[in-house]
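J.: Quick check, what structure comes out for this input:
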Amino acid sequence: MMRYKVFVVDGSRQVICAAKLDCIDEQAARRRAEQMHDEHDVELWEGDRLVAVFRSATSNEGRS
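T.: Residues are numbered from 1 along each chain as shown. Here you go, the predicted model:
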C-alpha cells in the first residue's frame, strides 16, 4: 500500500479539508481523488510530490 494525501481547496487555494488515502498504486489513488472533486478543486499528493489536480467544473469561471 502507498500513502497519499488529498486536499480539497477553494478558489484561493485554501485547504477546505484533507484526507489520507492508502491505495495499492497511483492509478487507484487518482480514481479515488477524482471522485472527491465536485464544486472544489482536489489536489492529490504523495509525500511532497504533487501527483494530480482535479479541477471543479467552476474553477475556471470568475467567482467573487
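J.: Direction included, what does the helix or strand hosting residue 4 pair against?
T.: Secondary structure from DSSP states H and E places residue 4 in strand 2-9. Within its sheet, strand 2-9 is paired with strand 15-23 (antiparallel), strand 41-46 (antiparallel), according to DSSP bridges.
J.: I'd like these written out as TSV, with distance to residue 2 added.
T.: All C-beta atoms are positioned from the backbone trio N, CA, C, and that covers glycine. Shown next, in TSV, are those (distance: least, C-beta to C-beta, whole Å):
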stretch	distance to residue 2
strand 15-23	6
strand 41-46	7
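J.: In the strand holding residue 4, which of the residues would be classed as buried?
T.: 4-9 (16 or more other C-beta atoms under 10 Å).
J.: Format the CA atom coordinates belonging to that strand as PDB.
T.: Below are the C-alpha coordinates for strand 2-9, written out as PDB (Å, rounded to 0.1, in the frame of the first residue of the first chain):
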ATOM      1  CA  MET A   2       1.100   3.500  -0.700                       C
ATOM      2  CA  ARG A   3       0.100   6.600   1.400                       C
ATOM      3  CA  TYR A   4      -1.400   9.600  -0.400                       C
ATOM      4  CA  LYS A   5      -3.000  12.800   0.800                       C
ATOM      5  CA  VAL A   6      -5.900  14.600  -0.800                       C
ATOM      6  CA  PHE A   7      -6.600  18.200  -0.200                       C
ATOM      7  CA  VAL A   8      -9.900  19.900  -1.200                       C
ATOM      8  CA  VAL A   9      -9.200  23.500  -1.900                       C
END
